[in-house]
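>>> this is a predicted model, with the sequence first.
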2 protein chains.
Amino acid sequence: MLDKSHKHVTCSTCMSRSSSLLGGLCSDEVTNLEDHKTCNYYKKSQSLFLEGSFPRGVFCINQGKVKVFKRGDEGKEQIIHIAKEGEMVGFRAMFSGDPYNVAAETLEESNICFIAKDDFLNMMDTNVTLRNGIIKELSKELSDRASFITNMAQKSVRERLAFALILLKGVYEPEPINLSREDMANFVGTATETLIRLLKDFKEEGIIEVHTRKLTILNLDKLVSIAGK
Amino acid sequence: MLDKSHKHVTCSTCMSRSSSLLGGLCSDEVTNLEDHKTCNYYKKSQSLFLEGSFPRGVFCINQGKVKVFKRGDEGKEQIIHIAKEGEMVGFRAMFSGDPYNVAAETLEESNICFIAKDDFLNMMDTNVTLRNGIIKELSKELSDRASFITNMAQKSVRERLAFALILLKGVYEPEPINLSREDMANFVGTATETLIRLLKDFKEEGIIEVHTRKLTILNLDKLVSIAGK
DNA sequence: CTTAAAACTTGACACTTGTCATTTTTTCAA
DNA sequence: TTGAAAAAATGACAAGTGTCAAGTTTTAAG
């Protein structure tokens, strides 16, 4: 349970920042950031931003998890990414000038800071390390999405589920994976019923263990071999 | 038929450049670019770069078309993007320091210039317009790929084909679409046989017209309504 | 603690889509 | 022009996956 009263997270001591894109800031810049950012406690399932709205700044996750998703024609969510502590969310659309083409929502209670667009763009102008970090991050995500597309197009649901569980392990570690069946299905790109059946198979094959919603991976090697390269 | 003897494309008069990311260069920079770039004629199906190799620079398409693709587990290509005149290819991996995670190959004979990595990065350091253009482009592609993923996950092959044909129209205009069935299938993310059957349906429905490999869209509205939003 | 709502699970079934085999057409080089 | 190779097309069939409907379990609010 997060401390709701402790509204303000201090950048200079934020453990999530040091390993993030904002890790390369000098102390002046951290002080400046400190003065300009706001910090908020979010309950589970609260929206950070909606598809179609215009970006006002970036979100830094201090604590918690956020799903980034897009709705298809029939309103079904496709989860593009699940962000955890130390990640920044919502900066892409800021550069293009376009409205968000994805939405973001907390998956659990979270502490998330907010840096206004102008402040962030100013920092990017003056800080080469930050700027290069952002460009690198954008490139890396582009690469991830090329793989995502290829997986969607060519792998079976079983293979994609194995792949997704490996990713989710990285997101939730050292905790067990804790995601609703529907969200998991929307991440894998399948129907909830199909996902449940396949999870059952994995249980019976001794690959995973499930207690209510908490899922633990027992045999990672097996998952890797199912997921393919 | 391109003029193979005319090896050197002049940046200052290149019509493809003016509408590209390099459109914002000042005349000094264009002169500098001119001195540092090389220009090559490519036959159909020639490789620009391979998945796994390290980027040495960026490719500017003066004339022709290039497919950017990734191979899945069984070696099947998934086409991520088809680039035409005026587009730049292969710059993403340059920023991340990682090897290419995609490959690029000409779809037809092409004139393509090459700017070495160092020269390009220098230009980016000194030219704010170019730099912002690149960041914007990366963001835009990220957005496109989120939609691509969602389409893959939620649309039927018929819907995806309609969507793909609309995109391809934009790439080939004012010429008819001219792509092998296999490439088209690898773009849509389906088996070649399935693609052929669906094209046949579209023909019978009067939506498209096909002469050997050249495909013309007769009823764009219908395609749009099939593709969905 | 109780109860309603939400989430999860299971079963039955149909249909889209991929695979394999074969034939036809097109391309392109000799 | 001709022949071989590549590309395109068609048919048959099975498997994977989505949908719908009905049940069960878990969650969370009163």
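The structure has been received and is ready for your questions.

>>> for the spatially most central residue of chain A, what are phi and psi?
Nearest residue to the geometric centre of chain A (C-alpha atoms, centre = their mean): A:Ala83, 1.6 Å. With angles defined as degrees, to the nearest 10, A:Ala83 sits at phi -100, psi 150.

>>> beta-bridge partners for it, please?
Beta-bridge partners recorded for A:Ala83 (DSSP bridges): A:Val66.

>>> show me the contacts for it.
A:Ile61, A:Lys65, A:Val66, A:Lys67, A:Val68, A:Val89, A:Ala104 (C-beta atoms under 8 Å, 6 or more residues apart in numbering or on different chains). For every residue, glycine as well, the C-beta is placed using N, CA and C.

>>> these two touch, right, the first one and A:Ser110?
Yes: using C-beta atoms under 8 Å, A:Ile61 is in contact with A:Ser110, at 6.4 Å.

>>> and the lowest mean pLDDT element among the helices and strands of chain A?
Least confident element among the helices and strands of chain A, by mean pLDDT, DSSP states H and E: helix A:15-18 (a mean of 81).

>>> just after that one, pick out the following helix or strand.
helix A:27-36 (DSSP states H and E).

>>> touching that following helix from outside, list them.
Residues external to helix A:27-36 that are found in contact with it (C-beta under 8 Å, 6+ apart): A:Thr10, A:Cys11, A:Ser12, A:Leu22, A:Leu25, A:Ile115, A:Ala116, A:Asp119, A:Met123, A:Asn127.

>>> in that helix, which residues are buried?
By neighbour count on 16 or more other C-beta atoms under 10 Å in any protein chain shown, the buried set for helix A:27-36 is A:Glu29, A:Val30, A:Asn32, A:Leu33, A:His36.

>>> can you give the distance from the least confident helix or strand of chain A to the centre of its chain?
The chain centroid and the centroid of helix A:15-18 are separated by 16 Å under C-alpha atoms, centre = their mean, to the nearest Å.

>>> that one packs against which elements?
With contacts taken as 3 or more C-beta pairs under 8 Å, 6 or more residues apart in numbering or on different chains; DSSP states H and E, helix A:15-18 sits against strand A:57-63.

>>> ok so, going back, what are the buried residues along the least confident helix or strand of chain A?
For helix A:15-18, the neighbour count (16+ other C-beta under 10 Å) marks A:Ser16, A:Arg17 as buried.

>>> touching it from outside, list them.
The contact list for helix A:15-18, computed with C-beta under 8 Å, 6+ apart, reads A:Cys11, A:Gly23, A:Cys60, A:Ile61, A:Asn62, A:Gln63, A:Glu85, A:Gly86.

>>> and the lengthiest helix in chain A, is it in reach of DNA strand C?
In chain A, taking DSSP state H as the definition, the longest helix is helix A:128-154. No: applying C-beta under 7 Å from any atom of the strand, one finds helix A:128-154 separated from DNA strand C by no less than 7.7 Å.

>>> and if you look at stretch A:199-208?
Yes: contact of stretch A:199-208 with DNA strand C (C-beta under 7 Å from any atom of the strand) involves A:Leu199, A:Lys200.

>>> restrict that stretch to CA atoms and write it as PDB.
Extracted in PDB, the C-alpha atoms of stretch A:199-208 (Å, rounded to 0.1, in the frame of the first residue of the first chain):
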ATOM      1  CA  LEU A 199      -2.800 -20.400 -19.200                       C
ATOM      2  CA  LYS A 200      -4.500 -23.600 -18.100                       C
ATOM      3  CA  ASP A 201      -2.300 -25.500 -20.600                       C
ATOM      4  CA  PHE A 202       0.800 -23.800 -19.200                       C
ATOM      5  CA  LYS A 203      -0.300 -24.700 -15.600                       C
ATOM      6  CA  GLU A 204      -0.800 -28.300 -16.600                       C
ATOM      7  CA  GLU A 205       2.600 -28.400 -18.200                       C
ATOM      8  CA  GLY A 206       4.100 -27.100 -15.000                       C
ATOM      9  CA  ILE A 207       5.400 -23.900 -16.700                       C
ATOM     10  CA  ILE A 208       3.500 -21.500 -14.500                       C
END
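
>>> these two touch, right, A:Glu209 and A:Phe202?
No: assessed by C-beta under 8 Å, A:Glu209 is found out of contact with A:Phe202, at 9.5 Å.

>>> and these two? Which one has more around it.
Shown here are A:Glu209 and A:Phe202; by other C-beta atoms under 10 Å in any protein chain shown, A:Phe202 has more neighbours (23 against 14).

>>> can you list contacts of the helix or strand hosting that one?
Element membership of A:Phe202 [criterion: DSSP H and E] is helix A:192-204. Residues outside helix A:192-204 that contact it (C-beta under 8 Å, 6+ apart): A:157-158, A:161-162, A:165, A:181-182, A:184-185, A:188, A:208-210, A:215.

>>> between the buried residues of helix A:27-36, which is nearest A:Met94?
Nearest to A:Met94, judged by C-beta to C-beta, of these is A:His36 at 15.2 Å.

>>> for A:Ser180, which residues are in contact?
Residues near A:Ser180 by C-beta under 8 Å, 6+ apart: A:Arg213.

>>> tell me how far it lies from A:Lys44.
Noted for A:Ser180: a distance of 10 Å to A:Lys44, by C-beta to C-beta, to the nearest Å.

>>> just checking, A:Cys11 touches A:Lys37?
Yes: A:Cys11 lies in contact with A:Lys37 (C-beta under 8 Å); the separation is 6.9 Å.

>>> higher neighbour count, these two?
Legend: neighbour count by other C-beta under 10 Å for A:Cys11 and A:Lys37, higher for A:Cys11 (25 against 19).

>>> so what does that one have for phi and psi?
phi -60, psi -40.

>>> how near is it to A:Ile226?
According to C-beta to C-beta, A:Cys11 and A:Ile226 sit 42 Å apart.

>>> please parse chain A into its domains.
What automatic domain parsing lists as the domains of chain A is A:11-151, A:155-227.

>>> could you work out the end-to-end span of the last one for me?
For domain A:155-227, the first-to-last residue distance is 8 Å (C-alpha to C-alpha, to the nearest Å).

>>> one step back: select only the buried ones of the contacts of helix A:27-36 in PyMOL?
Entered in PyMOL, the line below selects the buried ones among the contacts of helix A:27-36, by 16+ other C-beta under 10 Å:
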select buried, chain A and resi 11+22+25+115+119+123+127
